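>>> Curious how this folds, go ahead:
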Amino acid sequence: MSTTETVMEQMPSRIARHLLEIGAVALRPKQPFTWTSGIQSPIYCDNRLTMSHPAVREQIADGFAVLIRSLFPDANVIAGTATAGIPHAAWVAQKLNLPMIYVRDKAKGHGKENLIEGTVQPGQKVVIIEDLISTGGSSLKAAQAVKDAGAEALCVMAIFTYQLQKAAEAFESAGVALHTLSNYTALTEVAVDTGKIAPEDIKLLQDWRENPAAFGRN
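As a prediction, the model looks like this:
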C-alpha cells in the first residue's frame with residue numbers, strides 16, 4: 001500500500017477524533033438535539049469550530065489536498081461554499097497553488113448580482129469544498145452554479161457526512177461525485193473507543209441514520 005493510500009485509509013478515524021476532541025461534533029443518543037427542520041438528532045456538528053484550531057484545520061486542508069492530488073489531479077479551480085466552506089477552500093487552494101472561487105447560496109441583490117465570486121472560465125475543472133453533508137442540497141446547488149458558469153464540477157468534497165440515504169440518492173441523481181474526509185460510521189466507532197458514548201448506544205445511532213424522521217418518536 002502506498003503512503004497516499006495509507007493516509008486516505010486512516011483519515012476518517014483521524015479527522016473524527018479531532019472533531020470530537022475540539023467539540024465540533026457532539027453525540028447525545030439519549031438526549032437528542034433538535035435541528036431547525038424539527039428533526040430530533042443524536043448528533044450535532046459545527047465544523048466552523050475547526051477554524052479556531054490551527055493544527056486541526058491544517059490536517060483538514062492536508063486531507064483535502066491529498067484527495068485532490070490523488071483523485072482529481074487535473075483540477076484547476078477550488079471552490080468554497082458560502083459560508084463554512086470558504087476558509088477551507090482558501091487553505092486548500094493555497095496548498096495546491098490553484099485559483100479559488102466561492103459560491104453564494106443566492107445571488108447578490110446589488111451590483112453585478114454575482115452568484116460566484118472570483119473568476120471561473122468555461123471548461124475549467126472545479127472541486128467544491130463543503131464543511132458538512134446532511135441532505136446535500138446546498139452542495140448540489142453550488143455544483144449546479146459551477147456547471148451553469150460553463151465549468152465542470154468534478155466533485156464535492158466535505159469534512160464530514162452524516163451518511164444519510166437522502167444525500168446519497170441526491171448526489172447520484174445529480175451525477176456529482178462526493179468524497180469526504182470523515183463520516184458518521186467512523187465517528188461512532190471512535191466515540192465508542194474513546195468513551196464518548198457507551199457501546200449499547202450504537203444501535204440508537206444506527207437507527208437514526210437509517211430513519212432520521214422517526215428518531216425520538218417512540
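
>>> List the contacts of residue 137.
Contact analysis of residue 137 by Cβ atoms under 8 Å, 6 or more residues apart in numbering lists residue 170. For glycine as for every other residue, the C-beta is placed from the backbone atoms N, C-alpha and C.

>>> mind checking how far it is from residue 177?
When Cβ to Cβ, to the nearest Å is applied, the distance between residue 137 and residue 177 equals 17 Å.

>>> ok, now residue 202?
Distance, residue 202 to residue 177, using Cβ to Cβ: 29 Å.

>>> next one: residue 38
From residue 38 over to residue 177 the distance is 31 Å, taken as Cβ to Cβ.

>>> same deal with residue 162?
The separation that residue 162 has from residue 177, given Cβ to Cβ, amounts to 18 Å.

>>> Between the two, point out the one with more neighbours.
With neighbours defined as other Cβ atoms under 10 Å, residue 162 and residue 177 compare such that residue 162 has more, 21 against 16.

>>> pretty sure that one is in contact with residue 180, am I right?
No. Using Cβ atoms under 8 Å, residue 162 is not in contact with residue 180; the gap is 10.0 Å.

>>> anything in contact with each of the two?
Once Cβ under 8 Å, 6+ apart is applied, the residues that residue 162 and residue 180 both contact turn out to be residue 133.

>>> does residue 154 sit in a helix, a strand or a coil?
Reducing the assignment to helix, strand or coil with DSSP: H, G, I helix; E, B strand; the rest coil, the entry for residue 154 is strand.

>>> Put the alpha carbons of stretch 11-25 into CSV.
Listed next in CSV are the C-alpha coordinates belonging to stretch 11-25 (Å, rounded to 0.1, in the frame of the first residue of the first chain):
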residue,chain,number,x,y,z
MET,A,11,-8.1,9.7,7.5
PRO,A,12,-11.8,9.1,8.5
SER,A,13,-10.9,8.0,12.0
ARG,A,14,-8.2,10.6,12.5
ILE,A,15,-10.4,13.5,11.5
ALA,A,16,-13.3,12.1,13.5
ARG,A,17,-11.1,12.0,16.6
HIS,A,18,-10.2,15.7,16.1
LEU,A,19,-13.8,16.7,15.6
LEU,A,20,-14.7,15.1,18.9
GLU,A,21,-11.7,16.5,20.7
ILE,A,22,-12.5,20.1,19.9
GLY,A,23,-16.2,19.8,20.3
ALA,A,24,-17.1,20.3,16.7
VAL,A,25,-19.2,17.1,16.9
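
>>> For it, the averaged confidence score.
Averaging pLDDT along stretch 11-25 gives 97.
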